[in-house]
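In: After the sequence you'll find the predicted model.
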Amino acid sequence: MPELIYDSPVGRLLVTETEGAITAITWIKGKAETAPPATPLLARAKAALDGYFSGKIKAFDLPLRPEVTPFQGRVLRVLSEIPYGKTRTYGEIAGWLGSAPRAVGGACGANPIPIFIPCHRVIAADGRLGGFSGGVGSDTKERLLALEGVRLDFAAAPSAPKT
């Protein structure tokens, strides 16, 4: 499988290509040798990431093939339609799919191609971030949303009840 190591503002990414499609983006730690993209698709992925992180690209046009369950695939298709700089809630997506917010959250957490499939654009109904499986979790999610100009007002979110 051809791979690309990409040093991004949110950490070092490993982009994986399988049979002509991007199948994974994972965060990696430590030192790794960077090399020029090994395939034309990985070169396109690198250019797309360069454009995204510089604010010049707001949508991706790459062949993606996430290896997920049918339900997760339905969720990821919805995520791919969330516009740059916008958010949706787990509950909204669950309503569209006739599912539960927790199931949508699980599908977001199983997303093997974050950034290109923007699971970071899904937040909790109370305005809080919710989880994020990439990078250093919710801090990475918050940085990706800030890059897109999304400002979340956590002070306006209801606080948890005291027990």
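Out: Now that the structure is in, tell me what you want to look at.

In: contacts and neighbour counts: CA atoms only from here.
Out: Will do.

In: And the strands in the chain?
Out: Residue ranges of the strands in the chain, as given by DSSP state E, are 3-8, 11-18, 21-28, 88-89, 122-123.

In: what's near enough to touch the residue nearest to residue 120 when sequence neighbours are not counted?
Out: Sequence neighbours aside, residue 141 is the residue nearest to residue 120 in space, at 5.3 Å (criterion: CA to CA, 6 or more residues apart in numbering). By CA atoms under 8 Å, 6 or more residues apart in numbering, the contact list for residue 141 reads 120, 129, 132, 134.

In: remind me, longest helix of the protein?
Out: Determined from DSSP state H, the single longest helix within the chain is helix 40-53.

In: Report the mean confidence score over it.
Out: Model confidence over helix 40-53, given as mean pLDDT, is 97.

In: Stretch 129-143 too?
Out: When pLDDT is averaged over stretch 129-143, the result is 84.

In: Keeping just the C-alphas, turn that stretch into CSV.
Out: Extracted as CSV, the C-alpha positions of stretch 129-143 are listed here (Å, rounded to 0.1, in the frame of the first residue of the first chain):
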residue,chain,number,x,y,z
LEU,A,129,-17.3,19.4,20.8
GLY,A,130,-18.0,15.7,21.6
GLY,A,131,-15.2,13.3,20.9
PHE,A,132,-12.6,13.0,18.2
SER,A,133,-10.5,9.9,17.4
GLY,A,134,-7.7,11.7,15.7
GLY,A,135,-4.6,13.5,16.9
VAL,A,136,-5.0,14.5,20.5
GLY,A,137,-8.8,14.1,20.6
SER,A,138,-11.1,17.1,21.1
ASP,A,139,-8.1,19.6,21.0
THR,A,140,-7.4,18.5,17.5
LYS,A,141,-11.1,18.7,16.6
GLU,A,142,-11.3,22.3,18.0
ARG,A,143,-8.2,23.3,16.0
